[in-house]
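**Q** Here is my input, please return the structure:
(2 chains)
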Amino acid sequence: MLAVPASRATMPRRPRIGVVKFASCDGCQLTLLDLEDDLLAIADRLDIVEFAEATSNRSSGPFDILFVEGSISTPEQAVDIVRLRAATSTLVTIGACATSGGIQALRNWADHDAVRSLVYPDPEYVESLATATPVADHVAVDAELRGCPISPDQLREFVTATLAGRRPDLPDEAVCAECKRRNVVCVAVAEGVTCLGPVTRSGCGALCPAYGRGCYGCFGPRESANGEGLATWLGRDRDAADTARSFALFNAWSPPFRRVIDAAGGPPGPIDGRLTEEPLDA
Amino acid sequence: MAAAATAPTTAFLPRAGLDRLLDTLRADGRSIVGPTIRDGAVVYEEIATADALPVGWRSDAAPGTYRLTHDDAARAFDYGVPVTSWKRYTHPPRVPLTRTTADGLVEAVETAVPPMAFIGVRACEIAALDIQERVLRAGPEGDVDHVRRRDQALVVAVECALASSTCFCTSMGTGPEVTGGADLVLSELDAGFTVRALSEAGKAVLSRLALPAASDQQIAAAADQVAGVRSAIGDPVPSVGLAERLRAAPEHPRWDVVAERCLACTNCTLVCPTCFCTSVSVTSDLDGITGESERTWDSCFTLGFGRVAGDNNFRPRVADRYRQWLTHKFSTWWDQFGSTGCVGCGRCITWCPVGIDVREELLAIAPPDAAPAPIPWPPAPAAGHAPGPLPVVEPARYVSAEVSGVTRETADTVTLALSTDDPDLLASRPGQFVMVARPAQAVPPISISRIRSDGLDLTIRGVGPATEALIASTPGDPISLRGPLGRPWPLETAYGGDVVIVAGGIGLAPLRPVIDAIFRERYRFEAVRIYLGARTPRDRLFVAEMAALGGRTDLEIEEIVDRGGPEWFGRVGVVTQLFERAPWTGERTTAFVCGPDRMMQATARTLAASGVAPERTWLTLERNMACGVGVCGHCQLGPYFVCRDGPVFSVAELGDTFTVEGR
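**A** Residues are numbered from 1 along each chain as shown, chains lettered A, B, ... in the order given. Next up is the predicted model:
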């Protein structure tokens, strides 16, 4: 999705900002607090009216910009997001949970009741949906910041661009482009490491490959992500389940990654049907 | 940079003397960049001593895989081709361009460029440096950062002693022998190096080293070694006729087959030593007013690279992008720059994460003739290459202007009158454009819609944040301009004949200076006919001005709208309906056309049916122009950069590049 800011004419001088969360770990919200050097200036330019991690201010809107973390996992959240959308001009999803469902979307392949009884001793008290889904499945989204967690640089770019009435520079290229600009040696080609970089959106600055690890796709699929193409190549020397495991992480439910996982018959590992008969503590 | 070679004498540098060579080069204040091992590969980085060289290392390169092996050999340059290419140092991945001045204008950022010596440059890499030089330097405008880097660099070549399985320099005519383009050429033997100087700078280094002459046996051993590389590589991609065969295959089914494998990840283009494409990115401060811009490596494999205003895209499919890359490298590069765009180094094969082999694709898409002609050797120097004293224009050199008037034309379109006293801008010609910079905003190219004695008019439709910010300008606002840029309408070719002007929507803006110019010198032209199309009556531009033209007796002017309305009594339909049954014939007519692509295609067909020659049918194209100096590659169209070779082209010049989807 292309982030298109509200035009400068409609964005007030000190826009009202909200930060809310659904099913998530709060890590992306905390990235806002990690903008330490700019935090005071940001607080000066933005009127932060709702941000549970940072302020006791509470607001039900309206919001000029609402940052939404987390996936929609409960019936209550499915109602809340619709209300928040109606109170918001520019709705921005932040992080893998909000943009593609997050790690918890692995349950979308599994038997809901079985999973619940695995996690909770008394599942009858837990009201949850059978699926954890991205915000965009429920309401229109104006822009998204990817990552698990999001990148502070991209967050700063989104904020400064919006204040300047400029299109944020959030490239939808592959992680590979960042590796090559940094002169990071390709871990896939030079070491045979499984790396999702070619199908994953840049924005992290090629963090993992720079430390000799393969990209595990936490920014989710880039445009034209050819997951099948990469899976075919990886499949030369491993089985389909092994390949699917690489895709079955934070952005597993995003369509390009989901197709690879589906082709292997679902995500392998402790969430598939087998372990429902054999609880973790057994 | 190397001058012409003059009968080099060959010296011998003992292996232990390598550090003396490096020290001598460093004594001139140069930093030394050469091959070294990092993270399981050979990379080019700054090195301190010869100990940093990959002594004893070899690489096994194959499609999609690369592994280093080590043995006890003392040789330092048997590692094949590194992952890094020299463009990292001659055309770096990030170059700062502009920043905001205190008075709200945009100025160029000066970057310090250290002098460098490149150690271990292969024959194919010398060819690549030369090819990038033609693109980034060979005018009419060049890139100042590149020129500084290249002019100061000293090239120490090392001829290959081993071939990799991915090498095909022999097919591209670029190696493995080093015949020029270097200051010094080394050939590595077990005991040391034969050394030839190919330039005055190289000779100076050699004389300071005071080396003994190489023996005949050493010279012969070096020659045998590189000859062995040539025969080991063979001729994997017969290149005779390749450009033509590729040009004839724009619809080959293989493009879709390779697109299923291709990840469009950009690795091939970013490791390629000749790919030069960049994008300009803008960052701004929290004040929303000040900002900076920089140029970064980009690639024609990204979707964003083909994106233009209004979120249209020239190359939506991966097959389009692969075709663009391959046909440019091996075919239209010849038309554009007089050389191959590929040097056969094999990096794109090795570093493709799914092992796509460009040699296989070429053989499938453009198979060689049954009996290919032998490759000419040594290759003839490409014609027209003269990296001489060409003008160098800084891509970030802006001049100041001020908004002196704002006229709203339609709901989404505004004409800004800009005042400036810059003589170059005031000498703009019809059809040219300017890059319009405001701090903290992207820099769009905008056609000039009127050339006045004290400034320029720009007529701008708000289609995105940058243009919307521009049309929100108020009188007194500072604006930074770079230009005039591009090829103007060739008005003089219409002298003594009839003129037809066809405009669709905002396309009237770059044609208004044509109308102005015609009426300044009306006697030069016979009949003048103007046909205007617009989406709705409310989208018509310059309404009063066009109505005034309608009162003149020395021209015909007609207009039509796609959709009428209660207040519209004129014609409804597409613009070609205005003249498809016109009584005039086109033999003596020159046409100037601007509008959306489809409108221009239909207009070109209708004009051709009326007898207007394709050589006399002139269009102006909007591509994704981003840098405006012909170095970023965004506006690549067949063999042309639209910003530099256009934006005005004749239908004859464009040929099928204008009609094939995804080009």
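**Q** what's near enough to touch the residue lying closest to B:D539 once chain neighbours are set aside?
**A** Sequence neighbours aside, B:T410 is the residue nearest to B:D539 in space, at 5.4 Å (criterion: Cβ to Cβ, 6 or more residues apart in numbering or on different chains). Just so you know, the C-beta spots here come from the backbone N, C-alpha and C atoms, and that holds for glycine as well. Each residue near B:T410 by Cβ atoms under 8 Å, 6 or more residues apart in numbering or on different chains is listed here: B:538-541.
**Q** Can you tell me which of those residues end up in helices?
**A** Per DSSP state H, helices hold no members of those.
**Q** Please convert the buried members of the residues you listed into ChimeraX selection syntax.
**A** The buried residues among the contacts of B:T410 can be selected in ChimeraX (16 or more other Cβ atoms under 10 Å in any protein chain shown) with this line:
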select /B:539,540,541
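**Q** which of the contacts of B:T410 lies closest to A:F257?
**A** B:D539 (43.4 Å; Cβ to Cβ).
**Q** could you dump the helix or strand of chain A with the lowest mean pLDDT to PDB, C-alpha only?
**A** Taking mean pLDDT, DSSP states H and E as the measure, chain A has helix A:112-119 as its least confident helix or strand, at a mean of 83. In PDB, the C-alpha atoms belonging to helix A:112-119 read as follows (Å, rounded to 0.1, in the frame of the first residue of the first chain):
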ATOM      1  CA  HIS A 112      -9.600 -22.500  17.300                       C
ATOM      2  CA  ASP A 113     -11.000 -24.400  20.300                       C
ATOM      3  CA  ALA A 114      -8.000 -26.700  20.400                       C
ATOM      4  CA  VAL A 115      -5.600 -23.800  20.400                       C
ATOM      5  CA  ARG A 116      -7.600 -22.000  23.100                       C
ATOM      6  CA  SER A 117      -7.600 -25.000  25.400                       C
ATOM      7  CA  LEU A 118      -3.800 -25.400  24.800                       C
ATOM      8  CA  VAL A 119      -3.200 -21.800  26.000                       C
END
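**Q** chain center to that helix: distance?
**A** 24 Å (Cα atoms, centre = their mean, to the nearest Å).
**Q** And B:C275, its phi and psi?
**A** Dihedral angles of B:C275 (phi, psi; degrees, to the nearest 10) stand at phi -60, psi 130.
**Q** contacting residues for it?
**A** Applying Cβ under 8 Å, 6+ apart, the residues near B:C275 are B:87, B:269, B:299.
**Q** So the residue in the stretch 1-150 of chain A positioned nearest to chain B versus B:V155, what's the distance?
**A** At 4.8 Å from chain B, A:A41 is the closest residue in the stretch 1-150 of chain A, using Cβ to the nearest Cβ. Computed as Cβ to Cβ, to the nearest Å, the A:A41 to B:V155 distance reads 47 Å.
**Q** likewise A:R182?
**A** 25 Å.
**Q** again with B:P465
**A** Applying Cβ to Cβ to B:P465 and B:V155 gives a distance of 44 Å.
**Q** So between those two, which is more surrounded?
**A** Shown here are B:P465 and B:V155; by other Cβ atoms under 10 Å in any protein chain shown, B:V155 has more neighbours (27 against 22).
**Q** Now for A:S128: which residues touch it?
**A** A:73-74, A:112, A:116 are the contacts of A:S128 under Cβ under 8 Å, 6+ apart.
**Q** show me where the stretch 101-250 of chain A has helices.
**A** Using DSSP state H, counting those that start in this stretch, the helices of the stretch 101-250 of chain A run over A:112-119, A:152-164, A:175-182, A:187-191, A:207-210, A:227-234, A:240-247.
**Q** helices and strands around the second one, which ones?
**A** By that I understand helix A:152-164. helix A:27-34, helix A:36-45, strand A:88-94, strand A:143-145, strand B:278-284 (3 or more Cβ pairs under 8 Å, 6 or more residues apart in numbering or on different chains; DSSP states H and E).
**Q** dump the residue contacts of the residue nearest the centre of chain A.
**A** Ranked by distance to the mean C-alpha position of chain A (Cα atoms, centre = their mean), the top residue is A:A96 at 1.1 Å. Shown in contact with A:A96 (Cβ under 8 Å, 6+ apart): A:102-103, A:146-148, A:218-220, A:250-251.
**Q** Arrange these in JSON lines, one row each, with neighbour count, distance to chain B and pLDDT as further columns.
**A** As requested, these are exported to JSON lines (neighbours: other Cβ atoms under 10 Å in any protein chain shown; distance: Cβ to the nearest Cβ, whole Å; pLDDT from 0 to 100):
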{"residue": "A:G102", "neighbour count": "28", "distance to chain B": "24", "pLDDT": "96"}
{"residue": "A:I103", "neighbour count": "21", "distance to chain B": "24", "pLDDT": "94"}
{"residue": "A:R146", "neighbour count": "32", "distance to chain B": "15", "pLDDT": "97"}
{"residue": "A:G147", "neighbour count": "25", "distance to chain B": "18", "pLDDT": "96"}
{"residue": "A:C148", "neighbour count": "24", "distance to chain B": "21", "pLDDT": "96"}
{"residue": "A:C218", "neighbour count": "24", "distance to chain B": "17", "pLDDT": "97"}
{"residue": "A:F219", "neighbour count": "31", "distance to chain B": "14", "pLDDT": "97"}
{"residue": "A:G220", "neighbour count": "29", "distance to chain B": "15", "pLDDT": "97"}
{"residue": "A:F250", "neighbour count": "27", "distance to chain B": "20", "pLDDT": "95"}
{"residue": "A:N251", "neighbour count": "32", "distance to chain B": "16", "pLDDT": "97"}
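**Q** From the residues you listed, which land in strands?
**A** Per DSSP state E, strands hold no members of these.
**Q** Could you dump those residues into JSON lines with distance to A:D242 added?
**A** Listed next are the contacts of A:A96 as JSON lines, based on distance: Cβ to Cβ, whole Å:
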{"residue": "A:G102", "distance to A:D242": "22"}
{"residue": "A:I103", "distance to A:D242": "19"}
{"residue": "A:R146", "distance to A:D242": "25"}
{"residue": "A:G147", "distance to A:D242": "25"}
{"residue": "A:C148", "distance to A:D242": "22"}
{"residue": "A:C218", "distance to A:D242": "19"}
{"residue": "A:F219", "distance to A:D242": "22"}
{"residue": "A:G220", "distance to A:D242": "21"}
{"residue": "A:F250", "distance to A:D242": "18"}
{"residue": "A:N251", "distance to A:D242": "18"}
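**Q** picking up where we left off before, mean pLDDT added to the helices and strands packed on helix A:152-164, as TSV?
**A** Putting these into TSV (pLDDT from 0 to 100) gives the following:
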stretch	mean pLDDT
helix A:27-34	91
helix A:36-45	86
strand A:88-94	96
strand A:143-145	96
strand B:278-284	90
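**Q** And those: which comes nearest A:L129?
**A** strand A:88-94 (17.6 Å).
**Q** Low-confidence regions, the stretch 51-200 of chain B specifically.
**A** Along the stretch 51-200 of chain B, segments meeting pLDDT under 70 span B:138-142.
**Q** would you turn the contacts of B:T410 into CSV with pLDDT?
**A** Shown next, in CSV, are those (pLDDT from 0 to 100):
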residue, pLDDT
B:R538, 94
B:D539, 94
B:R540, 95
B:L541, 95
